[in-house]
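# With the sequence up front, the predicted model follows.
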Amino acid sequence: MTGRERAVAEDPAVYMAENRRQWESWTPRKAASARSGLDGFRRGGVRVHRVERDEVGDVSGRTLLHLQSHMGVRTLSWARLGARVTGVDFSAEGTATARSLARAIAPSARFVCANVYDLPEHLDGTFDVVYMSHGTLGWLPDLGRWAEIVARFTAPGGRFHLFEAHPTAWLFDQRADARELCARHGYFSPGEPLRWRYRRPHAAPGTDADGWEYCWGHGMGAIVTSLVAAGLAIGHLHERPFVAWPMFPFLEQRDDGWWHLPDDIPSVPLSFSLMAHKPL
Ligand SMILES: C[S@@+](CC[C@H](N)C(=O)[O-])C[C@H]1O[C@@H](n2cnc3c(N)ncnc32)[C@H](O)[C@@H]1O
C-alpha cells in the first residue's frame with residue numbers, strides 16, 4: 001500500500017463500482033495464489049475462528065446468510081458445521097469460485113451475486129443467523145441503510161454476528177515501512193471515502209496488483225447506533241487485541257491464528273465482535 005487520501009466527493013455508487021472492478025481483478029489472482037489452500041479446503045476443514053464459532057453458537061439446521069461472502073470459504077465452513085447457507089457478494093468472480101467450491105462441499109449452498117444494498121431485489125425470506133466478518137464494513141458507504149438490510153434479513157428471534165477490524169485500528173499508519181503504531185488518520189469521517197492506492201493489496205496477497213480502492217471509516221458509536229436504530233438489540237460488543245489479517249507490517253501471527261501486536265507495543269483494540277438480536 002502506498003498511502004491513502006480523501007477522495008473527491010462523488011455519488012457513492014461511483015466508488016462502489018470502482019471497488020467492484022478491483023475485486024473482479026483481485027479475486028482470480030487471489031484464488032490462484034491461494035489455490036493449494038482452496039484445494040485443501042475442498043477436501044475438508046472449517047475456516048472460521050474458534051472464537052466466532054463459540055459466539056455464534058450451534059448452527060446445525062439453522063439458516064445462515066453471509067454478507068460479503070467473497071470466495072465462500074467461510075460460508076461453506078458454516079455449511080460444514082451444519083448450517084443451511086446463503087452467501088452474497090457483488091463480485092461475479094468471487095461468486096463463481098464460491099459456487100464451484102459448493103459443488104464439492106455443500107451442493108445446497110446458495111450464492112447470490114449482488115450489492116448488499118440491492119439485496120432485497122435479489123433475495124426473499126429471513127435467516128436465523130446473519131453473519132459478516134473480516135474486511136466488510138469499510139466497503140459500505142451508508143451504515144444506516146446497511147443496518148436496515150441486516151435487520152430486514154434477520155428473522156424475528158434471530159441474531160446478527162459481526163467480526164471486524166476495530167475503528168481505532170484504522171487510525172494508524174499501515175504503510176509497508178511502518179515500524180510502530182503511529183496515528184495518521186482521523187477517527188471521524190466526513191462522508192467522503194478514503195482513497196487507497198495499492199501495489200500489493202491485502203485482498204490479493206502475493207500478487208502485484210496496482211490500483212485504487214475506496215473505503216469508508218465508521219466509528220464504533222455509528223456502527224452500534226445504526227443497528228439499534230434498525231430495531232436490533234445489542235447482545236455484546238467485545239474489543240480484541242488481535243485482528244484476522246496482517247493489517248500492520250509488524251504484527252505477529254500467533255498459534256491462535258490471529259495477528260497480534262508485539263509485546264513491546266502498548267495494546268490497542270485491533271478488532272471487535274458484536275452480537276445483536278432481532279426481537280420476536
Ligand atoms: C475482504 S473480503 C471479505 C472476506 C470475507 N468476509 C470472507 O469471509 O472471506 C470483502 C468482500 O466484500 C465484497 N464487497 C465489497 N463491497 C460490497 C458490496 N457493496 N456488496 C457486496 N459485496 C461487496 C467484495 O467483493 C469482497 O469479496
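Thanks, I have the structure now.

# Point me to the residue of the stretch 101-250 of the chain nearest the ligand.
Nearest residue of the stretch 101-250 of the chain to the ligand: residue 135, at 2.9 Å (C-beta to the nearest ligand atom). Where C-beta positions appear, they are placed from N, C-alpha and C, glycine not excepted.

# I'd assumed residue 245 was in contact with that residue.
Yes. Taking contacts as C-beta atoms under 8 Å, residue 135 lies within contact range of residue 245: 7.1 Å.

# So which of the two has more stuff around it?
Each of residue 135 and residue 245 has its neighbours counted (other C-beta atoms under 10 Å); residue 135 has more, 18 against 15.

# helix, strand or coil for residue 79?
Here residue 79 is recorded as helix under DSSP: H, G, I helix; E, B strand; the rest coil.

# quick one, what contacts residue 160?
By C-beta atoms under 8 Å, 6 or more residues apart in numbering, the contact set of residue 160 is 129-132, 150-151, 154, 227, 232, 274-278.

# Mind checking which of those are buried?
129-132, 150-151, 154, 227, 232, 274-276, 278 (16 or more other C-beta atoms under 10 Å).

# in the stretch 1-150 of the chain, which spans are strands?
3-6, 63-67, 84-89, 110-113, 127-133 (DSSP state E, counting those that start in this stretch).

# Residue 264: which of those strands is closest?
Proximity to residue 264 (C-beta to C-beta) singles out strand 3-6 among these, at 25.8 Å.

# Quick one: mean pLDDT for that closest one?
Averaging pLDDT along strand 3-6 gives 60.

# quick one: residue 46 from the ligand, how far?
12 Å (C-beta to the nearest ligand atom, to the nearest Å).

# Settle this for me: that residue is touching residue 82, isn't it.
No. The pair residue 46 and residue 82 does not pass the contact test of C-beta under 8 Å, sitting 10.8 Å apart.

# Among those two, which residue is more densely surrounded?
Neighbour comparison, residue 46 and residue 82: the larger count goes to residue 46, with 16 against 13 (by other C-beta under 10 Å).

# who touches that one in this structure?
So residue 46 contacts 53, 77, 80, 81 (C-beta under 8 Å, 6+ apart).

# hey, what's residue 213 bridged with?
Beta-bridge partners recorded for residue 213 (DSSP bridges): residue 196.

# returning to what we had before: nearest to residue 143, of the contacts of residue 160?
Looking across these and measuring by C-beta to C-beta, the closest to residue 143 is residue 227, at 8.8 Å.

# Grab the nearest non-local neighbour of residue 185.
Excluding the flanking residues, the one nearest residue 185 by C-beta to C-beta, 6 or more residues apart in numbering is residue 171, at 5.4 Å.

# Over to residue 106?
Nearest residue to residue 106, sequence neighbours excluded (C-beta to C-beta, 6+ apart): residue 79, at 3.7 Å.

# repeat for residue 95
Using C-beta to C-beta, 6+ apart and skipping the chain neighbours, the partner closest in space to residue 95 is residue 113 (4.1 Å).

# what sits against residue 41?
Residue 41 makes contacts with 47, 73, 76, 101, 105, as judged by C-beta under 8 Å, 6+ apart.

# burial count for residue 17?
Residues within reach of residue 17, counting by other C-beta under 10 Å, total 13.

# scratch that, residue 121
Residues near residue 121, counting by other C-beta under 10 Å, number 8.

# quick one: it and residue 114 touch, right?
Yes. Judged on C-beta under 8 Å, residue 121 makes contact with residue 114 at a distance of 7.5 Å.

# pLDDT weak spots in this structure?
Residue ranges of the chain with pLDDT under 70: 1-9, 34-36, 190, 198-210.

# and it, which residues reach the ligand?
16, 19, 23, 68-70, 73-74, 89-91, 94, 115-116, 133-136, 139-140, 203 (C-beta under 6 Å from any ligand atom).

# Which of the residues you listed fall in helices?
Residues of the residues of the chain next to the ligand located in helices (DSSP state H): 16, 19, 23, 73, 74, 94.

# can I get those in JSON lines with neighbour count?
Output for those, formatted as JSON lines (neighbours: other C-beta atoms under 10 Å):
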{"residue": "16", "neighbour count": "19"}
{"residue": "19", "neighbour count": "20"}
{"residue": "23", "neighbour count": "23"}
{"residue": "73", "neighbour count": "21"}
{"residue": "74", "neighbour count": "24"}
{"residue": "94", "neighbour count": "25"}
